[in-house]
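> Predicted structure and sequence below. I'll ask about it afterward.
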Amino acid sequence: MAVKKVLTVAGSDCSGGAGIQADLKTFQERDVYGMSVLTVLVAMRPEDWGHVVTPVDIATIRTQFRTILPGIGVDAAKTGMLPTVEIIDTVGAMLAEADVRHLVVDPVMVCKGTSEPLFPENTQAMIRSLLPLAEVVTPNSFEAAQLAGMTELSTVPEVEEAARRIHALGARNVVIKVPRIFADYTADVLFDGAAFTWLKEERVQTAWTHGAGCSFSACVAAELGKGATVAGAVRTAHEFVRAGLQGSFPLNKFVGPIYHKALAKQG
């Protein structure tokens, strides 16, 4: 039995909703074998859900990579939270050395429920070390503005200009997740360097969206690993996360994740 192997290089969310926990749940649902390189531990203070971030040391990150590349090999990979410039550069160098064919870069800059970059100094490192390797990059509108050097993305022309700028930085395909531009709709837009494809759906009314971005990029990576086109992988991820949002639920008064089994249960 041949099962495709997909790697996530990301942080641990001990609440289980985002990071490698969300990625591995997504991989399981999309029928690929998931593996992980852990870059950072994220814990939350129970009284206010403030984040406590502990990076993994470089030597341990390198050891994890050597276990998987070349020890096992992968059909696709994704990156998530990379908390320091040194970690970004290390991950970029090791992925480049391994020549991973299908790489999805999720340029995580904020934790759910916050609006300021966790690591503002990391943007240029991502541009330098990761975007030139990316088959797909999947920023949300805030992250896209940071990468593109723009203040905000509040209109369709601004989103499309950001996508063009990010593509020019080396990513072969750009997907920007733009939940707030349209009054009644949420949208993802794919730019392949030539054309824009907008995927719009009526907004799912839920406050519980934890892990949506991680799961989206993980789903894209899984589908690429199985041989899907970029457009097909993005469309599947759009449907997967939408179903997960429809089934989302609260963990406590601060946070609630998407439900990864939702699309499968819909049949």
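That came through fine. Numbers count the residues shown, from 1 in each chain.
> So residue 92 sits against residue 133, correct?
Yes: between residue 92 and residue 133 there is a contact at 6.5 Å, judged by C-beta atoms under 8 Å. Every C-beta, even on glycine, is put in place using the N, C-alpha and C of the backbone.
> Report the buried residues of stretch 14-25.
By neighbour count on 16 or more other C-beta atoms under 10 Å, the buried set for stretch 14-25 is 15, 17-25.
> Export these to CSV and append columns for secondary structure and pLDDT.
Below are the buried residues of stretch 14-25 laid out as CSV (DSSP: H, G, I helix; E, B strand; the rest coil; pLDDT from 0 to 100):
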residue, secondary structure, pLDDT
15, coil, 95
17, coil, 95
18, coil, 97
19, helix, 97
20, helix, 98
21, helix, 98
22, helix, 98
23, helix, 99
24, helix, 99
25, helix, 99
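> which stretch of helix or strand covers the spatially closest residue to residue 106 that is not a sequence neighbour?
Once flanking residues are discounted, residue 106 sits nearest to residue 217: 3.7 Å by C-beta to C-beta, 6 or more residues apart in numbering. Here residue 217 sits within helix 212-225, counting by DSSP states H and E.
> Can you give the distance of that helix from its chain's centre?
7 Å (C-alpha atoms, centre = their mean, to the nearest Å).
> Helix or strand next in line after that helix, which one?
Once helix 212-225 ends, the next helix or strand along the chain (criterion: DSSP H and E) is helix 230-246.
> On the C-terminal side of that next one, identify the next helix or strand.
Using DSSP H and E, the first helix or strand after helix 230-246 is helix 262-265.
> Can you name every helix or strand that that next one contacts?
Applying 3 or more C-beta pairs under 8 Å, 6 or more residues apart in numbering; DSSP states H and E, one finds that helix 262-265 contacts helix 230-246.
> quick check: angle from the helix it packs on to helix 212-225?
Orientation of helix 230-246 against helix 212-225 (axes from the mean of the first three to the mean of the last three C-alpha atoms, to 10 degrees) gives an angle of 140 degrees.
> tell me what helix 230-246 is packed against?
Against helix 230-246 (3+ C-beta pairs under 8 Å, 6+ apart) you get strand 136-137, strand 185-191, strand 196-202, helix 212-225, helix 262-265.
> and if we set it to 10 Å?
Counting contacts by 3 or more C-beta pairs under 10 Å, 6 or more residues apart in numbering; DSSP states H and E, helix 230-246 packs against helix 19-29, strand 103-105, strand 136-137, strand 174-178, strand 185-191, strand 196-202, helix 212-225, helix 262-265.
> What residues does the nearest residue to residue 182 once chain neighbours are set aside make contact with?
Using C-beta to C-beta, 6+ apart and skipping the chain neighbours, the partner closest in space to residue 182 is residue 200 (6.8 Å). By C-beta atoms under 10 Å, 6 or more residues apart in numbering, the residues touching residue 200 are 178, 181-182, 184-189, 238.
> Tell me the one of these nearest residue 68?
Residue 68 lies nearest to residue 238 out of the contacts of residue 200, by C-beta to C-beta, at 28.2 Å.
> can you count the residues close to that closest one?
Residues lying near residue 238 (other C-beta atoms under 10 Å) number 22.
> Go ahead and confirm it touches residue 138.
No: contact between residue 238 and residue 138 fails when scored by C-beta atoms under 10 Å: they sit 11.0 Å apart.
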